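Q: Got a sequence here, can you build the structure:
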Amino acid sequence: MGQPNIIGRLKTNDKYQTIYDTVDGNDMARFKHETYAYSLEKEHTLFKSLYLYHGYSRVAKADMPTGTKYLEITFASEAEAQRWDAASEQIHNVLVEVPWVYRNFEQKWKPVAEELHRRIYAKQF
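A: Take a look at the predicted model:
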């Protein structure tokens with residue numbers, strides 16, 4: 001299936017750029033942490049969306065559509081969405097799952113829709 005990696009799509013020119021060319025440990029937990037940091041504007045502020053890939057196969061996409069108050073995460077399958085639900089967070093070079101920024105995320109974002117292949121959160125003002 002290929003090595004997991006995390007890629008971003010730049011806001012300025014829509015080009016894809018590798019953020020992490022390898023992801024050790026639980027790739028979904030790592031993607032979850034990067035998505036939380038992205039949604040809180042702590043990391044990846046140059047990107048309009050983040051992607052988790054396994055080789056050339058897209059597993060998940062996190063996007064905050066411009067002009068909306070939503071964070072949308074879409075998955076390649078229902079199984080990948082369930083892996084998202086079950087994962088905590090994992091940061092780079094630390095192979096344990098801990099809710100690193102979840103509390104901050106939970107204070108600013110609330111789940112509003114859960115579909116087979118998608119999770120949607122709304123920003124709380």
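
Q: use CA for all of it now, contacts and neighbours both
A: Fine.

Q: any chance you could map the helices in this protein?
A: 27-39, 78-86, 102-108 (DSSP state H).

Q: just how off-centre is the first one within its chain?
A: Yep, that's helix 27-39 we're talking about. Taking Cα atoms, centre = their mean, to the nearest Å, the mean C-alpha location of helix 27-39 is offset from the chain mean by 4 Å.

Q: packing partners for it?
A: On a contact count with 3 or more Cα pairs under 8 Å, 6 or more residues apart in numbering; DSSP states H and E, helix 27-39 meets strand 47-54, helix 78-86, helix 102-108.

Q: okay, the angle between that helix and helix 78-86?
A: Taking axes from the mean of the first three to the mean of the last three Cα atoms, to 10 degrees, one finds helix 27-39 and helix 78-86 inclined to each other by 70 degrees.

Q: average model confidence for helix 27-39?
A: In this model, helix 27-39 has a mean pLDDT of 97.

Q: Restricting the selection to alpha carbons, write that helix to CSV.
A: The C-alpha trace of helix 27-39 is given here as CSV (Å, rounded to 0.1, in the frame of the first residue of the first chain):
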residue,chain,number,x,y,z
ASP,A,27,-0.4,7.3,10.8
MET,A,28,-4.0,8.2,11.5
ALA,A,29,-3.2,9.5,15.0
ARG,A,30,-0.4,11.5,13.5
PHE,A,31,-2.7,12.9,10.8
LYS,A,32,-5.2,13.7,13.5
HIS,A,33,-2.7,15.8,15.5
GLU,A,34,-1.6,17.6,12.3
THR,A,35,-5.2,18.3,11.5
TYR,A,36,-5.9,19.7,15.0
ALA,A,37,-2.8,21.9,14.8
TYR,A,38,-3.9,23.1,11.3
SER,A,39,-7.5,23.9,12.4
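
Q: And the spatially most central residue of the chain, how far from Q107?
A: Nearest to the mean C-alpha position of the chain, counting by Cα atoms, centre = their mean, stands T35 at 3.2 Å. According to Cα to Cα, to the nearest Å, T35 stands 15 Å off from Q107.
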